[in-house]
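**Student:** from the sequence below, what's the structure:
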Amino acid sequence: MARRKRKDEEPDWVAPEFDEVRYMRTEIQAARTAVVTIGWAVVGAIVSFLLYSVNPALAFFAGIAVGIGMYFMLPLIGIDIGPFKRRDWIGHGVTYFFSWLAFWILLLNPPIGDFTVPTIQGISVSPYTPGYVGDLACIEPASGRVDLNLVMLGNTSIFVLFRASDNVGLASLLVTVSPGGGGSPFSPPATAISGLPDQCKGHRGSVYPGGTFNVTFPQQASSYTVTIVAADSRNPPVSAVVQITA
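**Tutor:** This next block holds a predicted model:
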């Protein structure tokens with residue numbers, strides 16, 4: 001027969017005494033480490049930002065290497081890493097990684113950084129006569145060339161349509177036209193026509209998208225080389241070239 005347990009008998013398990021002082025010290029050190037980790041992520045982001053123009057892959061791995069350096073940096077500022085367990089390092093590592101990534105992205109984008117070069121796209125060429133309001137041919141270059149027949153079509157000018165844009169804004173846009181046969185190059189003005197009714201054949205009813213420009217010049221030679229150069233304030237200029245046979 002089982003012996004009945006007396007009320008005054010001690011239980012088999014006794015809860016350990018709560019060490020409030022030790023708990024508070026642990027929480028304070030965890031908070032300090034979290035703050036230092038975020039601050040260290042700023043350092044990693046600055047390193048990655050400075051190296052990005054050299055090599056993006058190098059910038060990424062340099063940021064990771066700075067994060068690993070926390071193991072050596074924390075003791076230098078008085079944080080005891082002895083009690084850290086694997087879960088603590090994982091938690092601080094995750095905090096560093098996402099903080100570093102967020103700060104790095106902020107640094108790479110305006111107004112601090114600008115590593116996006118301008119773009120030139122959507123080039124097309126049309127036979128044209130000043131005052132014409134009908135459909136434009138808008139012929140896209142094939143292998144960088146466009147063949148027109150201005151005499152047969154009765155046109156007297158060449159209409160070049162293109163888009164030039166940048167994530168911040170263009171600092172300059174220059175179009176240079178070089179006639180074939182040794183003629184002197186000239187630079188017709190590029191006119192912004194974004195939002196105006198689209199005159200290209202098959203696009204009636206729509207408008208030209210943002211960043212659309214056109215240049216028009218009279219046909220006085222049998223061929224032309226049109227060079228478009230776009231630049232922003234921080235990156236090397238980009239260019240596009242199209243050969244036009246009139």
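
**Student:** show me the helices in the chain, by range?
**Tutor:** 20-52, 56-68, 70-76, 86-108, 150-153 (DSSP state H).

**Student:** so can I have a markdown table of those helices showing distance to residue 171?
**Tutor:** No exception for glycine: its C-beta is placed from N, CA and C like everyone else's. What follows is the helices of the chain, written out as a markdown table (distance: least, C-beta to C-beta, whole Å):
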| stretch | distance to residue 171 |
| --- | --- |
| helix 20-52 | 21 |
| helix 56-68 | 24 |
| helix 70-76 | 41 |
| helix 86-108 | 19 |
| helix 150-153 | 34 |
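
**Student:** tell me which of these approaches residue 123 most closely.
**Tutor:** Nearest to residue 123, of all these, is helix 150-153, at 18.2 Å by C-beta to C-beta.

**Student:** quick one: mean pLDDT for the closest one?
**Tutor:** In this model, helix 150-153 has an average pLDDT of 64.

**Student:** likewise stretch 116-136?
**Tutor:** Averaging pLDDT along stretch 116-136 yields 93.

**Student:** how long is it end to end?
**Tutor:** Between the start and the finish of stretch 116-136 there is a gap of 32 Å, counting by C-alpha to C-alpha, to the nearest Å.

**Student:** that older thread, in CSV, list the helices of the chain along with distance to residue 122 and mean neighbour count.
**Tutor:** Formatted as CSV, the entries for those read as follows, by distance: least, C-beta to C-beta, whole Å; neighbours: other C-beta atoms under 10 Å:
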stretch, distance to residue 122, mean neighbour count
helix 20-52, 29, 16
helix 56-68, 28, 16
helix 70-76, 48, 14
helix 86-108, 27, 16
helix 150-153, 22, 12
